[in-house]
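Chemist: Kindly generate the corresponding structure for this input.
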Amino acid sequence: MIYETLLGNDFQRLHPKLQQRYRLSLQEPFQATGMMQVIHSGPRYLRPMYQLFTKNRFLFPESGVMVPFTLSNSCRINDDKEAEVYWERTFYFPKTTRQFNAKMTMDLQRGIVKDYLGDPSLFYSDLKFDVTTDGFLLIRSEQQRLVIGKKEASLPSLLTGRVVVTEGYDDALNMYTIHVSIFNDLIGRMMMYAGQFSPSNI
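Modeler: As a prediction, this is how the structure comes out:
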């Protein structure tokens, strides 16, 4: 719903399977299961902070290969009467289960998606959505803020994480593909994961 509106005519340039995936309605959530070929967390010295983030279903300290995961996207009307997509990503490591959740709404005036990361939210990011020449969805972060209860504080560029997401569809495998990278100029890699998934409710 919000993604089709935001992308306008460019939505038709997405791979047909991505159009199907991102044409969310209030009645039909998208649910999927898959495998992350690789998950890299941040540097070792940040693990205590990442451990705290797990309470908010945000970043986590674990890394791994061939990690099963599930994905759920559901569209709803939030308290501000906006169409909102709730993202639930669950990663099943051998010894623990981690979640990375978010809430997204649309700002048509600015041409961005408003992304609140964590549940309850800890960080906010403007997201710019584009379609690549091969029909993939490319998502990049812009302005970011720290969320403290109902208050938000802008973050200097050195403390932000540059997010790049590429989502596509592999016709040979009949699976969706996902690659997510979060990078900070001071810290380096904050998180990266790459994998494949298939819908479980279509």
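
Chemist: in this structure, which spans are helices?
Modeler: Per DSSP state H, the chain carries helices over the ranges 2-7, 16-22, 47-53.

Chemist: what's the closest of the ones you listed to residue 168?
Modeler: When the helices of the chain are compared by Cβ to Cβ, helix 16-22 sits nearest residue 168, at 7.3 Å. (Glycine included, C-beta is placed from N, CA and C.)

Chemist: Give me the phi and psi for residue 171.
Modeler: With angles defined as degrees, to the nearest 10, residue 171 sits at phi -70, psi -30.

Chemist: Output the helices of the chain in JSON lines; the columns should cover mean pLDDT.
Modeler: Formatted as JSON lines, the helices of the chain follow (pLDDT from 0 to 100):
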{"stretch": "helix 2-7", "mean pLDDT": "94"}
{"stretch": "helix 16-22", "mean pLDDT": "96"}
{"stretch": "helix 47-53", "mean pLDDT": "96"}
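
Chemist: Could you point out the longest strand of the protein?
Modeler: Under DSSP state E, the strand in the chain containing the largest number of residues is strand 64-77.

Chemist: which neighbours does it have in its sheet, and in what orientation?
Modeler: strand 30-40 (antiparallel), strand 83-92 (antiparallel) (DSSP bridges).

Chemist: Redo the ones you listed as JSON lines? Include mean pLDDT, mean neighbour count and distance to residue 3.
Modeler: Listed next are the strands paired with strand 64-77 as JSON lines, based on pLDDT from 0 to 100; neighbours: other Cβ atoms under 10 Å; distance: least, Cβ to Cβ, whole Å:
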{"stretch": "strand 30-40", "mean pLDDT": "97", "mean neighbour count": "18", "distance to residue 3": "11"}
{"stretch": "strand 83-92", "mean pLDDT": "96", "mean neighbour count": "18", "distance to residue 3": "8"}
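
Chemist: Good, wrapping up.
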